[in-house]
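**Student:** I need the structure of the sequence given here:
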Amino acid sequence: MHVKVAGNGPDLVLLHGWSMNAGVWEEVAAQLVRQFRVHSVDLPGHGESPACEPYTLDAIAARLAACVPRATVCGWSLGGQLALRWAMTHPAQVERIVLIASTPRFVRGAGWESGMEAAVFDAYSQYLLRDPASALERFALLQAHGDTDIRGVSRRLRTHLPARGAADVAALAAGLQILKDTDLRADLAGVGQPVLILHGQRDTVVPPAAAEYLERNLQQSTLEVIADAAHAPFLGRAHDVAQRIAGFCHG
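**Tutor:** Prediction:
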């Protein structure tokens, strides 16, 4: 697994979301390296990391446990679900957790309205197989939707998409399957680490109600809503988000 390490101080791991790579953290990492040793990870099948088999949260968490020291783990979207799973399966290795635009379950279902319809995931999976580049562009726009700086956020997201024809489509499809199948609600009470939840006020991918659910069901959690932001609240707001993360870690 490819991990870029920079800075000095307490260890802090950054886990990106689906279809992105570690480069999406550049603005935030530039702030955080002043206080932390930052480990920016390319998840399997993304960036410079080869895919893994099986492609599951547990398998990826095991790989992370093998290559990253005990640390605070910050995960965005899919990376947030991975951060939670890592804390559940290797609790001694995860000191604190920061969840950005995260949810215990992406798909709507019985007793859970804070998600997308499963049919949306299925249709998008087929679109990904037919035209990967267009599907990823579309998802970048969806993540920026609602942000008051939609143009700036979407531009930053598109910068970190795989080059046309370079995407590992099988890994991306497996990642979508994780998003469709994962439901961490029953396991949240077992997470004992302090958790900071950062969520965009205008997130249309993961409704803010999902973040409120996390706050209610995690033992030691604090929710901070970022005004005017959507699903990628750290893009264009690097200084603010880095300050929130640092304050939580040093608090």
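
**Student:** which intervals of the stretch 151-251 of the chain have sub-threshold pLDDT?
**Tutor:** 165 (pLDDT under 70).

**Student:** So which residues of it form helices?
**Tutor:** When secondary structure is read from DSSP state H, counting those that start in this stretch, the stretch 151-251 of the chain shows helices at 169-181, 208-217, 238-250.

**Student:** got the buried residues for the second one?
**Tutor:** Judged by neighbour count using 16 or more other Cβ atoms under 10 Å, the buried positions of helix 208-217 are 208, 210, 211, 213, 214, 215, 217. Backbone N, C-alpha and C define where each C-beta goes, glycine included.

**Student:** For the fifth one, give its distance to residue 174.
**Tutor:** This means residue 214. Remark: distance between residue 214 and residue 174 (Cβ to Cβ, to the nearest Å) = 24 Å.

**Student:** now the third one
**Tutor:** Here residue 211 is placed at a distance of 26 Å from residue 174 (Cβ to Cβ).

**Student:** In contact with residue 27, which residues?
**Tutor:** For residue 27, the contacting residues are 156, 234, 235, 236, 238, by Cβ atoms under 8 Å, 6 or more residues apart in numbering.

**Student:** closest to residue 191 among those residues?
**Tutor:** Nearest to residue 191, judged by Cβ to Cβ, of the contacts of residue 27 is residue 234 at 22.0 Å.

**Student:** thought that closest one was touching residue 79?
**Tutor:** No. The criterion here is Cβ atoms under 8 Å, and residue 234 misses it with residue 79 at 11.5 Å.

**Student:** anything in contact with each of the two?
**Tutor:** With Cβ under 8 Å, 6+ apart, residue 234 and residue 79 have common neighbours residue 100.

**Student:** And the helices of the stretch 151-251 of the chain: which comes nearest residue 65?
**Tutor:** helix 169-181 (17.6 Å).

**Student:** sorry, back to before: reformat the helices of the stretch 151-251 of the chain as CSV; add distance to residue 64.
**Tutor:** CSV is the format used below for the helices of the stretch 151-251 of the chain (distance: least, Cβ to Cβ, whole Å):
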stretch, distance to residue 64
helix 169-181, 15
helix 208-217, 21
helix 238-250, 18
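
**Student:** Now the phi/psi pair for residue 233, please.
**Tutor:** phi -70, psi -20 (degrees, to the nearest 10).
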